[in-house]
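A.B. asks: show me how the following folds:
(one chain, ligands or ions: 1)
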Amino acid sequence: MHGNRPTGLSAGLTNYGDPQFSLFLRKAFIKAMGYSDEALDKPIVGIVNTYSGYNACHRNVPEIIEAVKRGVMLSGGLPIDFPVISIHESFAHPTSMFLRNLMAIDAEEMIRAQPMDAVVLIGGCDKTVPALLMAAASAGKPAILTVTGAMSTGRHNGERLGACTDCRRLWGAYRAGELGDAEIAEINGNLAPTSGTCMVMGTASTMALAAEALGMMLPGGGAIPAVHADRLRHAEKTGARAVALGTEQLTPDKIMTPAAFDNALRVIQAIGGSTNALVHMAAIAGRMGLALNLDDFDALGQETPVLVDLKPSGQHYMEDLFHAGGLAPVLKQLQDDLDLECLTVSGRTLGEELGEARFWKDQDVIKTRDNPIYPKGSIRVLRGNLAPRGAIIKQSAASPTLMEHTGRAVIFETLADLDRRLDADDLDVAATDVLVLRNAGPKGAPGMPEAGYFPIPKKLARQGVRDMVRLSDARMSGTAFGTIVLHTCPESAAGGPLALLENGDQVRLSVAEGRIDMLVDADELARRQRNLRIPNIAADRGFLKLYLQTVLQADEGCDFDFLRPNDLCTVGGKSSI
Ligand code: FES
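C.D. replies: Purely as a prediction, here's the structure:
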């Protein structure tokens, strides 16, 4: 007991109507694991085991768990690991996003159900860090995150390769006929050469660094490569700190405050972060009762340059960011705009941690504010008659020549339609057109797949066209690049205006003005609206039924409506409470 609060094995007893018998029985069973009474008297640190044979990004989880356990025991605690769902991007049908909330529910309920005074979360692949932070926010127990870390780069003909920006770039070259079958097969073996997460500034890297900025991870943990010994030292330190977190009752609501979200959102803009991060941050904030305001996030991006020169916005990889000093030098560059009073899981404020941080070692990778790689933040929020609740574009990875563009809409109704017609020789398409994919949002697909980065039609690719304006209600991988408008909200399948667009309509994109519009007069739009039939997308049973009935739109993080509080306060950079 800690005061009146039950701790260790006594917490959260199974209901048999006799608490003392419940504890007696619990002890009897856990002794079958070989624990002594002395061990069972210690504070318990749960460790979320996200290892899966399907998840190469989590290949090193067993050794991370071993290091976390060492840290817990060095600090006088008892570590107990337990499994939860583990999601890998390429092994989740129809899409990993469809399963993120399921992982969050699994983790939340198991953290709540089992006795633990604190929990160590081991994230990595894209959906795992957001799912675990959503779970921790809702479970309310002291929680601390560590991650598997980024992969090291591969090589092909002397060139460094990284998943998955180079996967997409070289696949595009293969489609254009510039690479043969043998060479693309050889490349395939070198794109993901070690354990760990994608080593560009994709969603996994973005969420790891955002979580560090949010204060949920011990300093320095976001950028350590998966194979570096520091990865295990960070895990050991995380385990050691978890014991104290339990004693101090430093719960996530004390860390994930509105100001901490503002810090993390600013960092996402400055690192050239993934567009997916916005959906995930909205979901995590939602669990804390906070609504992410897209316009405020956009305003924050207008005053925050991209400082980290990593693919897909720049040229380097995560291991380079680590050797340049990790996130700390970035935070130092931003410190005048950060709230340094925010408490972190270390028990110290962000300002106190920064005071001890290393200076950067490589200004080729981490730029100064007066010499950024992009003058504004990585993500621009767009509004307009195609996206009344917002859409986004990763402006730092877009083609400058296409950022102000008007073109004819060439529409694909679904992913299957895209697959069927995109490469057809008789497709009526020109390089100046705007390619549109609809019914690919949270409900329409379902699962809001990373289909927004769809290929250039083959006949244009063969002519050397490398980028076109693409517009959809889908997401795209954080590792992708191009002039791609995503997350149009509400989605077409929910009756959003993307459903009103017709082939041949003129679509105008203005990144400078933050606009995405169809140039169709109001009377005609009203006529189309009257004739619009919103499809009834439903399922008979199972998780799909729950998903379709309760999933929220992109601006609300695609969480399920029943998983967050009803009344939300605003967060996003300017209007923090
Ligand atoms: Fe796991 Fe990219 S596939 S991080």
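
A.B. asks: check contacts around M217.
C.D. replies: 144-147, 208, 211, 238, 345 (Cβ atoms under 8 Å, 6 or more residues apart in numbering). All C-beta spots, glycine's among them, are computed from the backbone N, C-alpha and C.

A.B. asks: can you pull the pLDDT of it?
C.D. replies: With respect to pLDDT, M217 scores 98.

A.B. asks: tell me how far it lies from the ligand.
C.D. replies: The gap separating M217 from the ligand is 16 Å, by Cβ to the nearest ligand atom, to the nearest Å.

A.B. asks: beta-bridge partners for that residue, please?
C.D. replies: In this entry, M217 is beta-bridged to L145, by DSSP bridges.

A.B. asks: so which of the contacts of M217 are also by the ligand?
C.D. replies: Among the contacts of M217, no residue is within reach of the ligand (Cβ under 6 Å from any ligand atom).

A.B. asks: where neighbours are concerned, which of those has the most?
C.D. replies: V147 (36 neighbours; other Cβ atoms under 10 Å).

A.B. asks: ok, that residue touching I122?
C.D. replies: Yes: between V147 and I122 there is a contact under Cβ atoms under 8 Å: 7.1 Å.

A.B. asks: what sits against N49?
C.D. replies: Contacts of N49 (Cβ under 8 Å, 6+ apart): 61, 65, 81-84, 122.

A.B. asks: the helix ranked longest in the chain: what's the following helix or strand?
C.D. replies: As assigned by DSSP state H, the longest helix anywhere in the chain is helix 229-248. Once helix 229-248 ends, the next helix or strand along the chain (criterion: DSSP states H and E) is helix 252-255.

A.B. asks: following that next one, which helix or strand shows up next?
C.D. replies: helix 258-270.

A.B. asks: does any part of whichever helix or strand comes after that following helix sit near the ligand?
C.D. replies: Scanning forward in sequence from helix 258-270 by DSSP H and E, the next helix or strand is helix 276-287. No: Helix 276-287 does not reach the ligand (Cβ under 6 Å from any ligand atom); its nearest approach is 10.8 Å.

A.B. asks: what packs against helix 276-287?
C.D. replies: Using 3 or more Cβ pairs under 8 Å, 6 or more residues apart in numbering; DSSP states H and E, the elements in contact with helix 276-287 are helix 128-139, helix 203-214, helix 258-270, strand 290-292.

A.B. asks: contact partners for the nearest residue to Q463 once chain neighbours are set aside?
C.D. replies: Closest residue to Q463 apart from its sequence neighbours, by Cβ to Cβ, 6 or more residues apart in numbering: A431 at 7.6 Å. A431 makes contact with 460, 463, 465, 468 under the criterion Cβ under 8 Å, 6+ apart.

A.B. asks: can you tell me the closest non-neighbouring residue to the first one?
C.D. replies: Just to be clear, that refers to L460. A431 (5.7 Å).

A.B. asks: next: the third one.
C.D. replies: The spatial neighbour of V465 that comes closest, neighbours along the chain excluded (Cβ to Cβ, 6+ apart), is A431 at 4.7 Å.

A.B. asks: quick one, grab the pLDDT at that neighbour.
C.D. replies: On pLDDT, A431 comes in at 97.

A.B. asks: tell me the SS of it?
C.D. replies: Assigned with DSSP: H, G, I helix; E, B strand; the rest coil, A431 falls in the coil class.

A.B. asks: in strands only, show me the contacts of N49.
C.D. replies: 81-83, 122 (DSSP state E).

A.B. asks: most neighbours out of those residues, which is it?
C.D. replies: Within the ones in strands among the contacts of N49, most neighbours by other Cβ under 10 Å means I122, with 27 neighbours.

A.B. asks: for the closest residue to that residue other than its chain neighbours, give its distance to the ligand.
C.D. replies: Excluding its sequence neighbours, the residue lying closest to I122 (Cβ to Cβ, 6+ apart) is T50, at 5.2 Å. Distance, T50 to the ligand, using Cβ to the nearest ligand atom: 11 Å.

A.B. asks: which helix or strand lies directly C-terminal to the helix or strand encompassing G351?
C.D. replies: Assessed by DSSP H and E, G351 sits inside helix 350-355. Counting by DSSP H and E, the next helix or strand C-terminal to helix 350-355 is strand 379-384.

A.B. asks: buried set for the helix or strand that that following strand is followed by?
C.D. replies: Next helix or strand after strand 379-384 toward the C-terminus (DSSP H and E): strand 387-394. For strand 387-394, the neighbour count (16 or more other Cβ atoms under 10 Å) marks 387, 389-394 as buried.

A.B. asks: mind putting those residues into a markdown table with pLDDT and distance to G221?
C.D. replies: Below are the buried residues of strand 387-394 laid out as a markdown table (pLDDT from 0 to 100; distance: Cβ to Cβ, whole Å):
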| residue | pLDDT | distance to G221 |
| --- | --- | --- |
| A387 | 98 | 35 |
| R389 | 97 | 34 |
| G390 | 97 | 31 |
| A391 | 97 | 32 |
| I392 | 96 | 27 |
| I393 | 96 | 30 |
| K394 | 93 | 25 |
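
A.B. asks: farthest-apart pair in the residues you listed, please.
C.D. replies: Spanning the widest gap among the buried residues of strand 387-394 are R389 and K394, at 18.7 Å by Cβ to Cβ.

A.B. asks: quick one, what contacts the residue of the stretch 401-550 of the chain found nearest the ligand?
C.D. replies: When scored by Cβ to the nearest ligand atom, the stretch 401-550 of the chain has T479 as its residue closest to the ligand, at 7.0 Å. By Cβ under 8 Å, 6+ apart, the contact set of T479 is 163-165, 167-168, 198, 200-203, 274, 311-312.

A.B. asks: OK, contacts around V72?
C.D. replies: Residues near V72 by Cβ under 8 Å, 6+ apart: 45, 47, 78-79, 120, 239-240, 242-243.

A.B. asks: how about the residues of this structure near the ligand?
C.D. replies: By Cβ under 6 Å from any ligand atom, the residues of the chain that approach the ligand are 57, 88-89, 125-126, 163, 197-198, 202, 204.

A.B. asks: out of the buried residues of strand 387-394, which one sits closest to the ligand?
C.D. replies: K394 (16.3 Å).

A.B. asks: wait, the closest one sits on V381?
C.D. replies: No: applying Cβ under 8 Å as the test, K394 and V381 come out as separate, 11.4 Å apart.

A.B. asks: ok, L307 - how many residues close by?
C.D. replies: With other Cβ under 10 Å as criterion, L307 counts 26.
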